[in-house]
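S.K.: Let's see this in three dimensions:
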Amino acid sequence: MGRRSERLSKQGMLASDLAGEGDVIQVVSRAFDVLRCFEGHEARLGNLEISSRCGLPRSTVSRLTHTLTRMGQLVYLPRDQKYRIGPSAVAMSTSMMKGLQLRNLIRLRLQDVADQLPGTVGFVIPDRYHLVYLEFARAANALGLHEGTGSRISMTSTAAGFAYTAALDTDVGDALIAEMEREIPADAALLKARIEDNRRHLREHGYVVGCGTWSPHINGCAVPVWSPQYQTFVVVTIGLLAAMFDEERLHREVAPQMLELGAAIGGLLEGAEGDIFANRIERKPLPVPAHNNNKIIKTEDTDELEAGARRARSARSVRARDGRR
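M.R.: Residues are numbered from 1 along each chain as shown. The predicted structure follows:
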């Protein structure tokens, strides 16, 4: 199986799952829907609140929370008559984070951009109809956007969501939107109206912007990057005050820096399973990007590691040699 057909098969798993065609065990899917309702370790929710958030009948939620409590994924708080994330869920997430020195390298790169722009810079991964901040950095004078690690943002109304959905192969992206139309029709309509423009802009320029779609006060710019670890696209994104950065300024000043960041992160992700875990990082600021008509900037030296480190390649999100968009 060639690389492109293999990639399509992996993305096709998502499409078939969304369409209800795969061997999807609904009770497992619903259990994860319940766990997704808890944003943060301190969140406390009752069955009624969980039912409202995930759209499941209260009787179903009651059975699921009982089972998840027995498994240690949730803890029941008798005084509040609510649930919170349990020790097993915390232990599982902690295990996943062990040894991820890669995150430290990513955080440093995000901070390099945050030091130059007064916004919040994030590295986000997809989770059904949302994206979750895995890492972030913020300028000392950042205003208006204060997302942090673990925060969830909409896939249908943010620059990050626009970039992620535009990067997916067309059939996979369309299947995702079709599922959204069944479950969150109002949100899906916003994304569907923009998807072709987003795809075209991503093909031509390597990034996507979102102006006032998530909040009238926030404009954003995002670059998708293929992740070998997650076998999907991840996104580097920035949110800035619309009053300071209108759409023209996003294209002129912000996009070049985000493209450089995407190239650097792409290089880190490609090397994550190699020597990157054994080496210490020599922190260097991102190079000042050339404007080059807002095209993808093919940089060959956006990142270096100590001990004869590898060079970062261009972000593989939209023009990769193995056939990805």
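S.K.: drop to CA atoms for contacts and neighbour counts, all remaining ones
M.R.: Fine.
S.K.: What are the boundaries of the strands in this structure?
M.R.: 74-77, 82-85, 120-127, 130-138, 152-154, 208-211, 218-227, 232-241 (DSSP state E).
S.K.: Could you dump these into TSV and include mean neighbour count and mean pLDDT?
M.R.: Conversion of the strands of the chain to TSV gives the following (neighbours: other CA atoms under 10 Å; pLDDT from 0 to 100):
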stretch	mean neighbour count	mean pLDDT
strand 74-77	20	89
strand 82-85	21	90
strand 120-127	25	91
strand 130-138	23	89
strand 152-154	20	89
strand 208-211	26	96
strand 218-227	28	95
strand 232-241	27	93
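S.K.: Nearest to residue 170, out of the ones you listed?
M.R.: Each of the strands of the chain was scored for nearness to residue 170 using CA to CA, and the closest is strand 232-241 (13.7 Å).
S.K.: before we move on, the earlier item: now distance to residue 175 too, for the strands of the chain, in JSON lines please.
M.R.: Formatted as JSON lines, those follow (distance: least, CA to CA, whole Å):
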{"stretch": "strand 74-77", "distance to residue 175": "32"}
{"stretch": "strand 82-85", "distance to residue 175": "31"}
{"stretch": "strand 120-127", "distance to residue 175": "15"}
{"stretch": "strand 130-138", "distance to residue 175": "16"}
{"stretch": "strand 152-154", "distance to residue 175": "17"}
{"stretch": "strand 208-211", "distance to residue 175": "21"}
{"stretch": "strand 218-227", "distance to residue 175": "19"}
{"stretch": "strand 232-241", "distance to residue 175": "15"}
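S.K.: so which of the ones you listed comes closest to residue 253?
M.R.: Nearest of those (CA to CA): strand 218-227, 10.7 Å.
S.K.: That closest one vs strand 120-127, what angle?
M.R.: Counting by axes from the mean of the first three to the mean of the last three CA atoms, to 10 degrees, strand 218-227 lies at 50 degrees to strand 120-127.
S.K.: helices or strands up against strand 218-227?
M.R.: helix 159-167, strand 208-211, strand 232-241, helix 255-270 (3 or more CA pairs under 8 Å, 6 or more residues apart in numbering; DSSP states H and E).
S.K.: please redo it, this time with the cut-off set to 6 Å
M.R.: Using 3 or more CA pairs under 6 Å, 6 or more residues apart in numbering; DSSP states H and E, the elements in contact with strand 218-227 are helix 159-167, strand 208-211, strand 232-241.
S.K.: how about the CA coordinates for the last one, as CSV?
M.R.: Read it as strand 232-241. Once non-C-alpha atoms are left out, strand 232-241 reads as follows in CSV (Å, rounded to 0.1, in the frame of the first residue of the first chain):
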residue,chain,number,x,y,z
THR,A,232,-3.6,13.5,11.6
PHE,A,233,-3.2,17.2,11.2
VAL,A,234,-2.4,19.4,14.2
VAL,A,235,-2.5,23.1,14.1
VAL,A,236,-0.4,26.1,15.2
THR,A,237,-2.6,29.1,15.8
ILE,A,238,-2.7,32.6,17.1
GLY,A,239,-5.4,34.8,18.4
LEU,A,240,-5.1,38.6,18.4
LEU,A,241,-7.3,41.6,19.2
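S.K.: how big is the angle separating it from strand 120-127?
M.R.: Relative orientation of strand 232-241 versus strand 120-127 (the same axes, to 10 degrees): 150 degrees.
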